[in-house]
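Q: Just to be clear, the model below is a prediction. Sequence and coordinates:
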Amino acid sequence: MARVVVLGAGVAGHTAVMHLRRKLSKAHEVVVVTPNSQWNWIPSNIWVGTGKMKKEQVLFPLAPLYAKKGVIYHQARAIAIHPEGTAESESPMVEIEYTSPERAGEVERIPYDYLINATGPKLKFEATPGLGPDNGYSVSVCTAAHAEHASKELAKIIEAARSGKKQRLIVGMGNGTCTCQGAAFEYTFNVEFELREAGVRDNCELVYLTNETELGDFGVGGMRFRQNGFMTTSQLWTESIFRERGVKAISGAAVKKVVEGGLTYETLDGVEHDLSFDFAMLLPPFSGHPIKAFNKAGEDISDVVFAPSGFMKVDADYSKTNYEDWSAEDWPRTYQNPTYPNMFAAGIAFAPPHAISRPRKSVNGTLIAPAPPRTGQPSGTIGRTVADTIIDRIKGRDKAAREAPMTHMGAACVASTGSSFLRGSAAAMVMYPVVPDWKKYPETGRHTHHTRGEIGLFGHWIKVLLHYMFIHKAKARPGWTFIPE
């Protein structure tokens with residue numbers, strides 16, 4: 001009997017759990033450890049954040065599903081990994097602390113044969129003073145609860161604008177090292193759409209604040225593709241949407257602090273600017289969760305297992321520090337920890353070797369550089385690939401580890417720009433590969449035919465279809481295996 005422990009039940013972790021349970025016999029245990037009691041389809045949080053969806057439409061409880069499927073579920077967070085076992089036991093184990101109301105604070109150790117770290121990101125609001133909805137002055141759509149709060153605050157802005165008061169809304173990045181520019185882009189244009197629908201657009205100034213050096217970077221270095229026989233870029237394509245919708249953009253910016261009704265940001269030239277607001281939805285930077293690692297003697301080996309960011313080290317080349325030396329070969333293929341081969345990291349939890357976009361610093365040394373995205377389709381694909389590697393090993397198949405390098409992985413993104421079945425729109429973007437390969441595609445870094453974008457009403461219909469399709473898949477309803485990651 002083998003036991004596979006999966007830390008986290010987001011897109012990567014839940015995908016891995018469901019495929020492990022589907023393909024392994026009941027003689028083997030699949031255990032999931034997650035601090036959350038509910039699964040969240042995060043891409044639709046933007047619609048919760050504008051009041052177009054209820055929080056309940058993007059959530060469902062995990063316990064009943066896992067009980068039905070025979071998955072052992074612990075509502076807890078991982079606090080330490082003992083990959084060599086302890087002085088008392090040779091079995092590798094993970095130490096967890098329960099977050100469920102009935103066992104909150106209780107600590108337990110769970111032995112494992114294989115471990116998948118799919119913990120996702122820690123939302124690092126504390127990186128910027130005053131950032132966040134809990135201890136700060138901005139709102140967020142990172143969780144369903146955050147998004148519900150954001151929708152209530154947005155409703156207040158709309159009411160104030162209806163009474164004739166001029167309002168300034170800021171949407172974007174709350175730190176110079178943020179990722180998920182796509183989510184901020186989506187929320188910006190959904191807010192803009194709702195302001196128009198409410199008839200208050202003329203009373204509202206909407207500002208997009210980003211650490212991208214240029215619009216359309218999205219943390220992937222931008223995209224270059226052919227459209228109607230001509231070469232164009234995601235920068236030109238994105239800028240046209242901002243011009244059309246009358247959204248102001250401030251790029252190459254790092255928010256330094258947020259106070260009630262205002263913020264301070266620094267630009268690449270080192271100048272600090274103050275900007276007042278009536279509403280601000282600012283995303284936090286991400287880090288790995290604070291999980292420690294110890295060897296058999298009880299010595300701290302966290303720096304062996306984890307990168308300084310807190311994300312888990314995998315089969316990537318972390319030695320290159322200069323942008324000019326980076327290459328596609330630096331990126332991981334199997335997501336296996338190089339020191340402990342029975343440990344893997346999937347989705348946001350793996351430590352990337354470096355950014356995808358060119359990193360930049362202000363003249364004062366402030367890092368203003370988008371971190372590489374690993375969300376959505378890449379997370380699901382990596383989660384399934386890692387699960388298949390473990391399944392092969394448990395079943396005794398003499399195979400090399402399965403591979404899913406982001407340098408050979410395509411990704412599709414449908415970014416909502418307004419939610420309405422008749423008047424809505426979305427930007428549909430496809431790129432191949434996610435991480436550009438300048439040796440293979442010297443002209444653009446990516447395949448010019450398989451990297452492209454279109455915007456229109458059809459995109460909104462697809463976005464809605466994806467919402468219901470992926471919740472259907474996550475609930476393991478009939479036919480779920482035919483829905484791709």
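A: In hand now; what should we look at? Residues are numbered from 1 along each chain as shown.

Q: tell me, how many neighbours does the residue lying closest to residue 41 once chain neighbours are set aside end up with?
A: Nearest in space to residue 41, with sequence neighbours left out and distances taken as C-beta to C-beta, 6 or more residues apart in numbering, is residue 58 at 4.9 Å. From N, CA and C alone the C-beta is placed, and that goes for glycine too. Other residues near residue 58 come to 24 when the count uses other C-beta atoms under 10 Å.

Q: go on, residue 88?
A: 7.

Q: Same check on residue 7?
A: Using other C-beta under 10 Å as the criterion, residue 7 is surrounded by 30 other residues.

Q: Which pLDDT value does the model give the closest residue in space to residue 483 that isn't next to it in sequence?
A: The shortest distance from residue 483 to any non-neighbouring residue, by C-beta to C-beta, 6+ apart, is to residue 473 (4.4 Å). Per-residue confidence (pLDDT) for residue 473: 98.

Q: Residue 473 contacts residue 482, doesn't it?
A: No. With contact taken as C-beta atoms under 8 Å, residue 473 and residue 482 are classed as non-touching, separated by 9.0 Å.

Q: ok, the two, which is more surrounded?
A: Neighbours per residue, other C-beta under 10 Å: of residue 473 and residue 482, the larger number sits with residue 473, 21 against 7.

Q: Please enumerate the helices of the stretch 201-350 of the chain.
A: Assigned by DSSP state H, counting those that start in this stretch, the stretch 201-350 of the chain shows helices spanning 234-245, 302-305.

Q: so of those helices, which one's packed in deepest?
A: Comparing these by mean neighbour count (mean count of other C-beta atoms under 10 Å), helix 234-245 ranks first with a mean of 17.

Q: Off-centre distance for that helix?
A: Counting by C-alpha atoms, centre = their mean, to the nearest Å, helix 234-245 is centred 24 Å from the centre of its parent chain.

Q: Against which helices or strands is that helix packed?
A: Using 3 or more C-beta pairs under 8 Å, 6 or more residues apart in numbering; DSSP states H and E as the contact criterion, the elements in contact with helix 234-245 are helix 181-197, strand 248-250, strand 452-456.

Q: how far off strand 452-456 does it point, in degrees?
A: Using axes from the mean of the first three to the mean of the last three C-alpha atoms, to 10 degrees, the inter-axis angle of helix 234-245 relative to strand 452-456 is 10 degrees.

Q: ok, and the helix or strand in the protein with the lowest average confidence?
A: Each helix and strand of the chain was given a mean pLDDT (mean pLDDT, DSSP states H and E); the minimum falls on strand 224-227 at a mean of 77.

Q: Buried residues of that one, list them for me.
A: Within strand 224-227, the residues that qualify as buried by neighbour count (16 or more other C-beta atoms under 10 Å) are 224, 225.

Q: Neighbouring strands - and their directions - for that strand?
A: strand 230-233 (antiparallel) (DSSP bridges).

Q: Could you check how far the residue sitting nearest the centre point of the chain is from residue 249?
A: Central residue of the chain (C-alpha atoms, centre = their mean): residue 375, 3.9 Å from the mean position. Residue 375 sits 22 Å away from residue 249 when distances are taken as C-beta to C-beta, to the nearest Å.

Q: hang on, the earlier thing: is it true that the residue nearest to the centre of the chain touches residue 218?
A: No. Checked against C-beta under 8 Å, the pair residue 375 and residue 218 is beyond contact range at 11.3 Å.

Q: how about residue 37, what does it touch?
A: In this structure, residue 37 makes contact with 61, 62, 63, 75, 100, judged by C-beta atoms under 8 Å, 6 or more residues apart in numbering.

Q: Now with 6 Å, please.
A: Listed by C-beta atoms under 6 Å, 6 or more residues apart in numbering, the contact set of residue 37 reads residue 75.

Q: what about dumping the CA coordinates of the lengthiest strand in the chain to PDB?
A: The strand that spans the most residues within the chain, counting by DSSP state E, is strand 72-82. Taking C-alpha atoms only, strand 72-82 is exported to PDB below (Å, rounded to 0.1, in the frame of the first residue of the first chain):
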ATOM      1  CA  ILE A  72      -8.900  11.200   3.000                       C
ATOM      2  CA  TYR A  73      -9.400  14.900   3.700                       C
ATOM      3  CA  HIS A  74      -7.800  17.000   6.500                       C
ATOM      4  CA  GLN A  75      -8.800  20.600   6.800                       C
ATOM      5  CA  ALA A  76      -5.400  21.800   7.900                       C
ATOM      6  CA  ARG A  77      -2.300  23.600   6.800                       C
ATOM      7  CA  ALA A  78       1.200  22.100   6.400                       C
ATOM      8  CA  ILE A  79       3.700  23.600   8.700                       C
ATOM      9  CA  ALA A  80       6.700  21.300   8.300                       C
ATOM     10  CA  ILE A  81       8.100  18.500   6.100                       C
ATOM     11  CA  HIS A  82      10.400  15.700   7.300                       C
END
